[in-house]
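1. what's the 3D shape of this:
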Amino acid sequence: MRKSITSPEYKVLLAWLRKSREAHGLSMRDLALRIDEPHSFIGKIETGERRLDVAEYVEYCRALQVDPFEGIDLLRKGIL
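-> Next up is the predicted model:
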């Protein structure tokens with residue numbers, strides 16, 4: 001089993017999160033404030049330098065006001 005952080009699927013999921021952030025007009029700093037993390041945390045997530053665990057992913061999605069299951073469905077359906 002390969003590490004998820006290097007998988008093409010994970011990279012597409014990260015792109016979906018970034019596009020969701022941008023679609024809501026949020027900067028990295030804005031999102032970081034919503035989840036009480038430094039803005040560098042968002043940058044590391046979006047560049048794939050740091051992996052989100054499941055709980056962090058759900059919190060991240062809530063801060064973006066997107067359904068976490070939407071991203072999971074992308075993975076499940078192979079839309080990536």
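2. show residues contacting stretch 65-79.
-> Contact with stretch 65-79 is made by 9, 12, 13, 16, 17, 20, 24, 57, 58, 61, 62, 80, as judged by C-beta atoms under 8 Å, 6 or more residues apart in numbering. C-beta: built from backbone N, CA, C; applies to glycine.
3. any idea of the mean pLDDT in the longest helix belonging to the chain?
-> Across the chain, the longest stretch assigned as helix under DSSP state H is helix 8-23. Mean per-residue pLDDT for helix 8-23: 92.
4. ok now it, how far from the chain's centre?
-> With C-alpha atoms, centre = their mean, to the nearest Å as the basis, helix 8-23 stands 6 Å off its chain's centre.
5. repeat for stretch 21-32
-> Worked out by C-alpha atoms, centre = their mean, stretch 21-32 lies 12 Å from the chain centre.
6. that one: which residues count as buried?
-> 21, 26, 28, 31, 32 (16 or more other C-beta atoms under 10 Å).
7. from those residues, which is closest to residue 49?
-> The shortest approach to residue 49 among the buried residues of stretch 21-32 belongs to residue 28, at 13.2 Å (C-beta to C-beta).
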